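> Predicted model and sequence below, questions to follow.
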Amino acid sequence: MAEAFIYDHLRTPRGKGRPGGGLNEITPIELARQVLEGLQSRSDLDTALVEDVIMGIVTPVGEQGCDMPRIAALMAGYDEQVTGIQVNRFCASALESVNLAAAKVIAGDGMAMVAGGVESMSRVPIFGDGGACYSDPNANWGSWYIPQGIGADTIATMEGYDRETVDAYAVESQARAAHAWQNGWFDRSIMPVRDVLGDVVLARDEHVRAGTTLADLAKLSPVFAGMGKRDGLDAIMLQRYPEIETIAHVHTAGNSSGIVDGAAAVLVGNADFGAASGLKPRARIRSFATIGTEPAIMLTGPGPVSRKALARAGMDVSDIDLFEVNEAFASVVLRYMREMGIEHDRVNVAGGAIAMGHPLGATGAMILGTVIDELERRDLNTALVTLCAAAGMAIATIVERV
Amino acid sequence: MTTIHTSLDEAGIALWQVDVPGHAFNVLTPEFFEDLEKAIDEAAANEAVRGVILTSGKPSGFMAGADVEEILDMQAGGLTPTQGAAWAMANGGVLRKLETCGKPVVAAINGLALGGGLELALACHRRVLLSRRDIAVGLPEVTLGLLPGAGGTQRLARMLGIEKALPLLLKGTRLDPEKAHAAGIVEDLADTEEALLSRAREWLLAGPSAAQPWDVKGYRIPGGAGPLAPHAARSFQAGASQLRARQGRYPAPVAILSAVYEGTQVAMDVGLKIEAKYFGRLIGGKVSGNLVRAFLRQNRARKRDLAAPGYAPMAVGKLGVIGAGMMGAGIANVAAGAGIKVVLLDTSAEAAQRAQDRAAKQRQKEVERGSRSEASAREIVDRITPTAEAGDLGGCDLVIEAVFEDRDIKGAVYKDALAGLAEGGVLASNTSTLSISSLAQGLPDPARFIGMHFFSPVERMPLVEIIAGRETSTATMADAFALAGRLRKTPILVHDSPGFYTSRVFCTYIDEAMAMLREGVSPALIENAAREAGFPAPPLAVTDEVSLDLQKRVIEQAKRDGLDARFLRAHAEPVVEAMNGRGRLGRKTGGGFYTFTDEGKHLWEGLAEMFPQAKVQPSADDVAKRLLYIQALESARCLAEGVIDDEASADLGSVLGIGYPAWTGGALSLISTVGIDAFVADCQRFAQEAGPRFSPDPEAIEAVRAEAARVRKARASKASETA
C-alpha cells in the first residue's frame, strides 16, 4: 500500500490573541501566505509537485473566509495548478488537514500536499461565526452545547483534580516551554513573521510566562464559575452527569490554553515525491483516526481516539515514545495520562498550549511538528499526537521516524 | 357579521367594534376571523374608507385571546401538529391581511388585551391603550405550553427588538398600560374611552402610512437579528441554555426562542410560517394539552358547586380564624384581602396583634411595588380584628381553626367557636393530619364540620384541600368551596382518609427517595434526577425542610392510630430512624441529608457511610420515573378508594399543593401522558426491582381507565364541569 511521509514542517511563533498582540497587525491571509512561502523557500520546493493546500481554519468568516488556502497559495507564488481547501474540525482542524493530506496521498490523489492551519484569534474572534451549535436553539439543545471550560471543570470534578493539581500541571507546561525555547528546541521549525516592510514582528511565542509559580496561578479566578451558574450550564451538565452534586470550577486563564494567533504548514507526500523533489522524508504516518464521544463534556475523546489509532497501527501504548496531547485544559491532559497509564515525562515534553497558546485552526500541525523535532533531537522513533475538539470529537495521528 | 359591528363616519373613518356573542370576554372564534376577513375586504374595496379604528364593543375588555375551551376541544380531539399549524396559518393569515390591506388600522385598546387579543392589536398599524390601572396586556401563551401563533413572536420581536421581546414572550408577562407604553408595545395612551377613540381618529386623519415598518424596504430589527447580532450570545446561546437548565421538560419556551431566532432572519411572511409550524408542534403535543387542561380545571374548580341544584352557597360576611400562627395569620390576611371581615383569635392578644402586623407589612410591600394603593392596604388590614376574647367570634358565618395539631386543644377551641358561630354557620379545621370524621365526633352538628387544609405560605400557595368527613353535608362542602373561590384559591374535594390526598402522596415522594438512598442510589443522582424531571424541590432537600423528626412522629402516630400497614412507610422508616439516631433532623438543626453552611448547602458526606452506594447505579431516567410514578400510582389508589372523586382533584392537588411537575398535567394525567400500558409495564418492573409498593393494583388501574373514559366522554358532550 502507498505510504504518506512528512517531509518538512514549520510554524509561525504564536502571538497573544488580543489587540496589540505580536501578530495582531498581520492579517490571517498573510500568516497563511508566509508559512506557505516559508515552506516553499527553505527547500526550494517545486510547487508544481504539490496537488493541494489543506488548512484548518476554525472561524472561517470575514477575513478568514473565502477558502483562504487557495488564495494564500496564489499569493505565496505557488503554481496556479495547486488548489486549496479549508477544513474545520474545530480544534482538530490542522491535524485533520495533515490526515486528509495523507489520505489523499495514499489514495493516489497527487504525490504531495501542503497541510496545516491558520487562526488569527485577535482579528477573528472565537465564536465569531455565530455557528448553529451555539446560536440556534435547536442545535444548541441537540448537540448538548456547553462551553468547553465547563466540560474541563467537570472532568476535574469527576477525576478529583483540585485547583492545585491543575495549576501544578500548568506550572510544568510553562517551565517546559521556557526551557525548550531557551535551549533552541523550536529553532528549526519557527519561521518569524514579517510585516509589509519585511521586518520581523514576532520571532518567539509571546504567551509563555517563564518562571510561573503555583502562587502566581493561585491568584487567578476560575473562568467558568459565573457563566456556569448564570446560564444554567452547570445544571445542564448535571442533567448529563447526574451522579455529580456540583461542578468544582478549577480552570483559569492560567491552566487553560492561551488564545493566540499563528499558522503552520506541513509538507506531506508519498515516496515518489521524495524522489521527484530530492527531499528526504522525516517521518512516516503510521495511522490516524477520529472519534466522536459524549458531546456535553466534550473533551474526553483523546483516550479513545488514541486507542483507535494505535489499533489501526497495530501498536500498543508502550510502543509510543512521545505523546503530544493538546493542552486545551490541564484536566484534559491529566485525565489522558491517567487513562493511558503514561507518565508526564513522555507527554508534551516541550510544553504545550497552556504556555504557548492554541491558535485553533493551526495547533494540530504545530504540535505534530514539535513532536517530530523532539523525536529527532532525542533520537526516538514513535509519537502519538492527539487533540480533543468541540462537540465531543477527537483526533489522533501516529508518526514514526523514517 | 355577528361578531364585529362596523360603521363609517363622514370623514371616512371606519369603526369596528368587536363583540363576540355568547362570551363574557371577546375571544377569537372562527366566526370572528370570518367576520374580520369580510370587514377587511370591504374596507379595502371601499374608497371612502381612509382608515379603521378597531376596538371592543364589550365593557369587559378588548380581547382575552384564543378560546381556551376550543383549544382543549381540538387537543382532546387528537389535533395533529400539522393541523395545528394549519389552524394557526389560517388565523394568522387574516391578521396578515389586516396589516397589508392598504388602509391604516389603529387598535383602540379599551380593556385587557391578552394572547391572541394582543396579537390582533400588534397586526394593526398603531395601538392606543386606555390607561386604566386594572388593564393588562401581554402574551401569556407560554403558560399554556403554547406560543403566540398569530404573529405574536414575529411582530413583537420586530417592534421591540429581540432582546426586549424575548422575556415578555418567554415569561408571558402581563404589563399595565404605563409599562406597555414604556416597552413600546403601544404607541399611545389615553385616559378615557372618549380620548382613546379621538386619539385613534386623529392619527388616522393625519393620513398615516398603511404599511408596517417590517414591510418597508430597508427595515432592520432594532438591535439586529440572527447569530451575528450583538445580543445573539445572550439571547440565543445563553437563552437556550437557561431554558434547558430550568425548563427542560417544557417544549414551549425553546420553541418560542427558535421561532424568534429563525423567523426574524427572513421576511415577515416566512417568519409567520415558521412560527405557525412551531405552534403546531406545541398545540399538538402532550405538554400543552396538559397545561391547557390544568388551566381550565383550575378555573372551574374555583366555581364548582357541589351541592344539590338550587343551593346557593353561603356568602361569608364575617370569618373567624382561631390560632394566629403562620397558617392562621395567612388565612386572615388572604380573607381580608378578599373583602371579608376577619376575627383573628389567639390565646395571646400579642400573638394575634403580631399576625395583624404581619399582614400590614405584607400589604405595605404591595404598596411599595405599586400594585396596591395605600388606602386599600389600610382597608384590608383594618378588616382584621385581632383578639384574645373568644366572645369576639360572635356572628361569624364560618370559623377556621388553625391551632396546634392536638385533639384536646382543638376540642376546647371548638367550644369557643361554636358559641360564636352564627346560626347555620360552618366550622372548619385547617388540620393536615387529624381525621376530620374523628374531630367531628361530639360536635353538635357534624354535617356542618369540614376540613379546609391550606398550604404554607397561605398568601402564595394556591391550593385548598377541602376534606369531607363521613357526615359532612354537601351544602357544607359547597360553602367551603365558595369561600376558597372567593379567596382566589383552588379547592379540591378530598374524602377523609389518612394523610388526605396531598400529604399521603407527598409522603410517597420523599419516601421513595429515602428508599432509593437505602438501596444505595447516589443521593446526588436522586436529587439531580428529580430536578431534571421538573420537581421544584428535590426530595432529600425538601425532607430536610419539613424535618426528619416530624417524619418520625408521623410514622409513630400512624402506628398508634393502628393504621393499615401501607400507611406505615416501612420502606422509608429505617432511613428516618437512622437520621434521627444521628441527630440529623434537617435544616432546623443545621444538617439532615444536607449540610447547611453560610455559603449554601451540600449533600452530607456522612451519607456515603450510612448508605453505601451501590456499584451499579440506576439511570437518571429510572430515578425520575420512580419519583413520578409512585405518586401517580398512589393517586390512582386514592381514586380507586374514593379518597378523591376524579382526575382533576389529583392533578390540581399534586401540582398546586406538593410541587408535582406541571408538564405532566398532574399526578393522574401523568399516566395518560406516558400511556397507561407503558406506565403499568414500568411499575411492574419497579415492583420487581424496588418492592411491591409499585405493584399496579388492578383496582387502581381500572379506576384510572374508567376515569379517563369518563373525562373523554364528558369532554365530548361537555356535560361535566369536572372534565
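Okay, I see it.
> Spatially, what comes nearest to A:G128 if we skip its sequence neighbours?
The shortest distance from A:G128 to any residue other than its chain neighbours is 5.0 Å, reached at A:T59 (C-beta to C-beta, 6 or more residues apart in numbering or on different chains). Where C-beta positions appear, they are placed from N, C-alpha and C, glycine not excepted.
> Please, where are all the helices along the stretch 151-300 of chain A?
Assigned by DSSP state H, counting those that start in this stretch, the helices in the stretch 151-300 of chain A fall at A:163-182, A:214-218, A:225-230, A:233-240, A:271-277.
> Turn these into JSON lines, including distance to chain B.
What follows is the helices of the stretch 151-300 of chain A, written out as JSON lines (distance: least, C-beta to the nearest C-beta, whole Å):
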{"stretch": "helix A:163-182", "distance to chain B": "16"}
{"stretch": "helix A:214-218", "distance to chain B": "19"}
{"stretch": "helix A:225-230", "distance to chain B": "7"}
{"stretch": "helix A:233-240", "distance to chain B": "4"}
{"stretch": "helix A:271-277", "distance to chain B": "42"}
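> So which of the ones you listed is the most surrounded?
helix A:233-240 (a mean of 23; mean count of other C-beta atoms under 10 Å in any protein chain shown).
> C-alpha coordinates for the lowest-mean-pLDDT helix or strand in chain A, CSV please?
Least confident helix or strand, chain A: helix A:132-135 with a mean of 94, by mean pLDDT, DSSP states H and E. Output in CSV follows, covering the C-alpha atoms of helix A:132-135 (Å, rounded to 0.1, in the frame of the first residue of the first chain):
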residue,chain,number,x,y,z
ALA,A,132,-25.6,26.9,14.7
CYS,A,133,-24.1,24.8,17.5
TYR,A,134,-24.3,27.6,19.9
SER,A,135,-26.7,30.2,18.3
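> so, in contact with chain B or not, that helix?
Yes. Interface with chain B: helix A:132-135 contributes A:132, A:134-135 (C-beta under 8 Å from any C-beta of the partner chain).
> now A:W185: how far from A:I372?
Going from A:W185 to A:I372 by C-beta to C-beta, to the nearest Å gives 12 Å.
> Kindly indicate which of the residues of helix A:132-135 next to chain B lies nearest chain B.
Nearest to chain B among those is A:S135, at 3.5 Å by C-beta to the nearest C-beta.
> Surely that closest one and B:P227 touch.
Yes. When contacts are counted by C-beta atoms under 8 Å, A:S135 is listed as touching B:P227 (3.5 Å).
> okay, those two: which has more neighbours?
Using other C-beta atoms under 10 Å in any protein chain shown as the criterion, A:S135 and B:P227 rank with A:S135 on top: 24 against 18.
> show me the residues around the more buried one that make contact.
B:226-227, B:232-233, B:236-237, B:261 (C-beta atoms under 8 Å, 6 or more residues apart in numbering or on different chains).
> Most neighbours among the residues you listed, which one?
Neighbour counts for these peak at B:Y261, which has 30 neighbours (criterion: other C-beta under 10 Å).
> Give me the pLDDT value at that one.
B:Y261 is assigned a pLDDT of 98 by the prediction.
> List the residues that contact residue 324.
Just going to use chain A. Contacts for A:E324 (C-beta under 8 Å, 6+ apart) come out as A:347-348, A:352, A:367-368, A:370-371, A:383-386.
> wrong one, I was asking about chain B
B:332, B:344-346, B:348, B:351-352, B:354-355, B:386.
> Out of those, which sit inside helices?
B:332, B:351-352, B:354-355 (DSSP state H).
> got a pLDDT number for residue 361?
If you meant another chain, say so; for now it's chain A. 98.
> if you could check chain B rather than the one you did, that'd help
95.
> Could you say which helix or strand holds it?
Per DSSP states H and E: B:K361 is located in helix B:349-369.
> Residues touching stretch B:79-94, excluding its own?
B:28, B:33, B:36-37, B:40, B:74, B:116, B:149-151, B:272-273, B:275-277, B:279-285.
> Please flag which of these sit within helices.
Per DSSP H, these map to helices at B:33, B:36-37, B:40, B:74, B:116, B:272-273, B:275-277, B:279-283.
> Give me the subset of the residues you listed that also touch chain A.
Applying C-beta under 8 Å from any C-beta to those, none is adjacent to chain A.
> And those, which is closest to A:R33?
The shortest approach to A:R33 among those belongs to B:K273, at 45.6 Å (C-beta to C-beta).
> For the stretch 51-200 of chain A, which segments are assigned as strands?
For the stretch 51-200 of chain A, applying DSSP state E, counting those that start in this stretch gives strands covering A:52-56, A:83-87, A:112-120, A:193-194, A:200-202.
> Which positions in chain A make contact with chain B?
A:127, A:129-132, A:134-138, A:140-141, A:145-146, A:227, A:230-236, A:238-239, A:242-246.
> hmm, 6 Å instead?
Proximity of chain A to chain B (C-beta under 6 Å from any C-beta of the partner chain) is limited to residues A:130, A:134-135, A:137-138, A:140-141, A:231-233, A:235-236, A:238-239, A:242-243, A:245.
> what kind of secondary structure is B:K601 in?
Recorded secondary structure, B:K601: strand (DSSP: H, G, I helix; E, B strand; the rest coil).
> check contacts around the closest residue in space to it that isn't next to it in sequence.
Distance criterion C-beta to C-beta, 6+ apart; nearest residue to B:K601, sequence neighbours excluded, is B:Y594 at 4.3 Å. Counting by C-beta atoms under 6 Å, 6 or more residues apart in numbering or on different chains, B:Y594 touches B:544, B:601, B:603-604.
> Switch those over to JSON lines; also include pLDDT and neighbour count.
JSON lines is the format used below for the contacts of B:Y594 (pLDDT from 0 to 100; neighbours: other C-beta atoms under 10 Å in any protein chain shown):
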{"residue": "B:D544", "pLDDT": "97", "neighbour count": "26"}
{"residue": "B:K601", "pLDDT": "94", "neighbour count": "16"}
{"residue": "B:L603", "pLDDT": "97", "neighbour count": "19"}
{"residue": "B:W604", "pLDDT": "97", "neighbour count": "20"}
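> which intervals of chain A have sub-threshold pLDDT?
A:1 (pLDDT under 70).
> count of neighbours near whichever residue of it sits closest to chain B?
As assessed by C-beta to the nearest C-beta, chain B sits closest to A:G232 within chain A, at 2.4 Å. Neighbourhood size, A:G232 [other C-beta under 10 Å]: 23.
> Go through stretch A:49-68 and flag the buried ones.
Across stretch A:49-68, burial judged by 16 or more other C-beta atoms under 10 Å in any protein chain shown covers A:49-60, A:64, A:68.
> what's the burial count for A:I285?
The number of residues near A:I285, taken as other C-beta under 10 Å, comes to 24.
> show me the contacts for it.
A:I285 neighbours (C-beta under 6 Å, 6+ apart): A:4, A:102, A:399.
> re the thing from before, tell me the two of the buried residues of stretch A:49-68 that are most distant?
A:L49 and A:T59 (31.1 Å).
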